[in-house]
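Enquirer: Okay, predicted coordinates and the sequence, questions at the end:
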Amino acid sequence: GAVVSQHPSRVICKSGTSVKIECRSLDFQATTMFWYRQFPKQSLMLMATSNEGSKATYEQGVEKDKFLINHASLTLSTLTVTSAHPEDSSFYICSARDRVWGYEQYFGPGTRLTVT
Amino acid sequence: AQSVTQLDSQVPVFEEAPVELRCNYSSSVSVYLFWYVQYPNQGLQLLLKYLSGSTLVKGINGFEAEFNKSQTSFHLRKPSVHISDTAEYFCAVSVGITDKLIFGTGTRLQVFP
């Protein structure tokens, strides 16, 4: 149990376009989902925390108008990278916290974004 | 503010040898501690966690870690590694049990035959 999926697994887009990444909890309800960014050979940096039905909380230095997060249901959160630039190329990972058990975060497999 | 330091960016080891991956944290308050493993192009999988109680924590795949409050450490150990243990390992802390995770920079464990 406790599976989190991400779609797409890889995406290549042109500079200036927008791309949406989906994060789904497949077998549990997640009141809270997290979005991380991971640069090559570096750690995960938390970008934002999203709670179902409310606005996301962004970490300092993360542009909320550029990285739009929507947590419309207990099983789905989306991250939209707007007007993408090559420096946005990265590995984006989401995690979801089980509504019942509360504390453990379950991680998705990640999405590799390449902006050309 | 909390921080996590993983002292070794890479740890090479031969198969069946023991291994220790080091993790130190900094915090003025009590924390919860986690170790995660990341295989290439995959998300993170929880290996083990320390929430309270016994300072020796056993996890999946034969890993264990010991919480040492006085040394603010949470080192990960395995008595005999396998080729399949080759991966990136991340130590993480949180202040509240439902608080955000703060990750270390990771340790690349490379197991050689």
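Expert: Arrived safely, thanks for sending.

Enquirer: Would you double-check that B:Asn61 falls in a helix?
Expert: Yes. Counting by DSSP: H, G, I helix; E, B strand; the rest coil, B:Asn61 is part of a helix.

Enquirer: My read is that B:His87 contacts B:Val37, right?
Expert: Small correction: residue B:87 is Ala, not His. Yes. B:Ala87 is in contact with B:Val37 according to Cβ atoms under 8 Å; the separation is 5.0 Å. (Each C-beta comes from the backbone N, C-alpha and C, glycine too.)

Enquirer: Which strand residues bridge the residue of chain A found nearest chain B?
Expert: Closest residue of chain A to chain B, Cβ to the nearest Cβ: A:Phe107 (3.7 Å). For A:Phe107, the beta-bridge partners under DSSP bridges are A:Ser95.

Enquirer: so who does it touch?
Expert: A:Val4, A:Ile93, A:Cys94, A:Ser95, B:Tyr36, B:Gly43, B:Leu44, B:Gln45 (Cβ atoms under 8 Å, 6 or more residues apart in numbering or on different chains).

Enquirer: top of these by neighbour count?
Expert: Using other Cβ atoms under 10 Å in any protein chain shown as the neighbour criterion, A:Cys94 leads the contacts of A:Phe107 with 31 neighbours.

Enquirer: Contact partners for that residue?
Expert: Counting by Cβ under 8 Å, 6+ apart, A:Cys94 has contacts A:Val4, A:Gln6, A:Ile21, A:Cys23, A:Met33, A:Phe34, A:Trp35, A:Tyr36, A:Ser77, A:Leu79, A:Phe107, A:Gly108.

Enquirer: could the residues you listed go into a markdown table alongside secondary structure and pLDDT?
Expert: Output for the contacts of A:Cys94, formatted as a markdown table (DSSP: H, G, I helix; E, B strand; the rest coil; pLDDT from 0 to 100):
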| residue | secondary structure | pLDDT |
| --- | --- | --- |
| A:Val4 | strand | 93 |
| A:Gln6 | strand | 96 |
| A:Ile21 | strand | 97 |
| A:Cys23 | strand | 96 |
| A:Met33 | strand | 92 |
| A:Phe34 | strand | 94 |
| A:Trp35 | strand | 96 |
| A:Tyr36 | strand | 95 |
| A:Ser77 | strand | 94 |
| A:Leu79 | strand | 97 |
| A:Phe107 | strand | 92 |
| A:Gly108 | coil | 93 |
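
Enquirer: buried subset of these?
Expert: A:Val4, A:Gln6, A:Ile21, A:Cys23, A:Met33, A:Phe34, A:Trp35, A:Tyr36, A:Ser77, A:Leu79, A:Phe107, A:Gly108 (16 or more other Cβ atoms under 10 Å in any protein chain shown).

Enquirer: Tell me if I'm right that B:Phe103 and A:Leu44 touch.
Expert: Yes. B:Phe103 is within contact range of A:Leu44, at 4.9 Å (criterion: Cβ under 8 Å).
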